[in-house]
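Enquirer: what shape does this take:
(chains A, B, C and D)
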Protein chains: 2
Amino acid sequence: MYYYSIYICPMYSKELLKGTLSAIILNLLSENKRMYGYEISQIVKELSDDKVLLKDGSLYPALQKMTKDGLVTFEEEYIGKRVRKYYTLTPKGNEEKITYLKELKDFMATLNVLVFNETKFA
Amino acid sequence: MYYYSIYICPMYSKELLKGTLSAIILNLLSENKRMYGYEISQIVKELSDDKVLLKDGSLYPALQKMTKDGLVTFEEEYIGKRVRKYYTLTPKGNEEKITYLKELKDFMATLNVLVFNETKFA
DNA sequence: AGTAATACATCACAAATCTATGTATTATAT
DNA sequence: ATATAATACATAGATTTGTGATGTATTACT
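Expert: From the prediction side, this is the model:
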């Protein structure tokens, strides 16, 4: 027999995360060198104080796509009979991380002007 | 005969805007009381230094949805033979603006922790 | 023994925006 | 005068991303 955890509603409207998930993953892999999927979801949960709860259906496909795109590679490891896929950034993934985070930072600055009425000359 | 402007590629990856477009519109209407669609797209272009270029296909449907949801109302005005739809925030739209901007600000703080490694205790 | 947590996966679906169109008026430059 | 650019709205199909609902299986805790 197997069981399901109850579904916990994420704090933010679903759309906000869009476009930022890969940035989050890229940065975590850059900071920690080597992580597996479940570990990533737990770290994100912890760092966000349970506000960002990555779903399996978001995380694993994202990691698969990043693998296909050559941004990360993985090695399988067995903990007993249970498999873990440890992901690491490739050089291309590291470049992507740099340009993507720069773009995200810039976008957030723009948002501060558009939505929080910060002056452009700050 | 009619003509089309060339397509100018927006600076940011398309996905980043998701979930923030309505926040942008809500805030602009809150700041300016009364705006029409084309005006909104121009202000956004200007405030973002040409980095956020709202497409007709994004903006007008968004305004229509916000109207349907009771967040805004509009009045038509004719400038010569050309129509303008001036939008204003409803009380409901104003409430939505407040809660949504709060959520967005909080999300951006969370992103700073997740992506830019800010400490949680700042 | 039963439940919760760990650890992966897939797929139909929803939501939002984009791209490509369409129509029409008015201003500007040549 | 006339071609172009800017103004001002609109819709529809395609795309993208993350969700929700499943599925399978092992290990830890109570």
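Enquirer: show the pLDDT at whichever residue of chain A sits closest to DNA strand D.
Expert: For chain A, the residue closest to DNA strand D is A:G57, as judged by C-beta to the nearest atom of the strand, at 1.8 Å. For every residue, glycine as well, the C-beta is placed using N, CA and C. Looking at A:G57, its pLDDT reads 95.
Enquirer: give me the number of residues near it?
Expert: 8 (other C-beta atoms under 10 Å in any protein chain shown).
Enquirer: over to the one 4 residues further on?
Expert: Residue crowding around A:P61 was assessed by other C-beta under 10 Å; the count is 11.
Enquirer: same question for A:S30.
Expert: A:S30 has 16 neighbouring residues, counting by other C-beta under 10 Å.
Enquirer: OK, contacts around the closest residue to it other than its chain neighbours?
Expert: Take A:S30 and drop its neighbours on the chain: the residue closest to it by C-beta to C-beta, 6 or more residues apart in numbering or on different chains is A:K97, 5.4 Å away. By C-beta atoms under 8 Å, 6 or more residues apart in numbering or on different chains, the residues touching A:K97 are A:23, A:26-27, A:29-30, A:89.
Enquirer: just A:G93 next, same as before
Expert: A:G93 neighbours (C-beta under 8 Å, 6+ apart): A:26, A:29, A:66, A:70-72.
Enquirer: how near is it to DNA strand C?
Expert: 17 Å (C-beta to the nearest atom of the strand, to the nearest Å).
Enquirer: closest to B:D49 among the contacts of A:K97?
Expert: A:A23 (21.7 Å; C-beta to C-beta).
Enquirer: in which helix or strand does the closest one reside?
Expert: Assigned by DSSP states H and E, A:A23 falls within helix A:21-32.
Enquirer: and after that helix, which helix or strand comes next?
Expert: strand A:35-36.
Enquirer: is that following strand in proximity to chain B?
Expert: No. Applying C-beta under 8 Å from any C-beta of the partner chain, one finds strand A:35-36 out of contact with chain B, separated by at least 13.5 Å.
Enquirer: anything in the very next helix or strand once past that strand sitting right up against DNA strand C?
Expert: Later in the chain than strand A:35-36, the nearest helix or strand by DSSP H and E is helix A:37-47. Yes. Helix A:37-47 reaches DNA strand C (C-beta under 7 Å from any atom of the strand) through A:37-39, A:42.
Enquirer: export these as a markdown table, with columns for distance to B:N117 and neighbour count.
Expert: Formatted as a markdown table, the residues of helix A:37-47 next to DNA strand C follow (distance: C-beta to C-beta, whole Å; neighbours: other C-beta atoms under 10 Å in any protein chain shown):
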| residue | distance to B:N117 | neighbour count |
| --- | --- | --- |
| A:G37 | 21 | 20 |
| A:Y38 | 21 | 14 |
| A:E39 | 17 | 15 |
| A:Q42 | 17 | 12 |
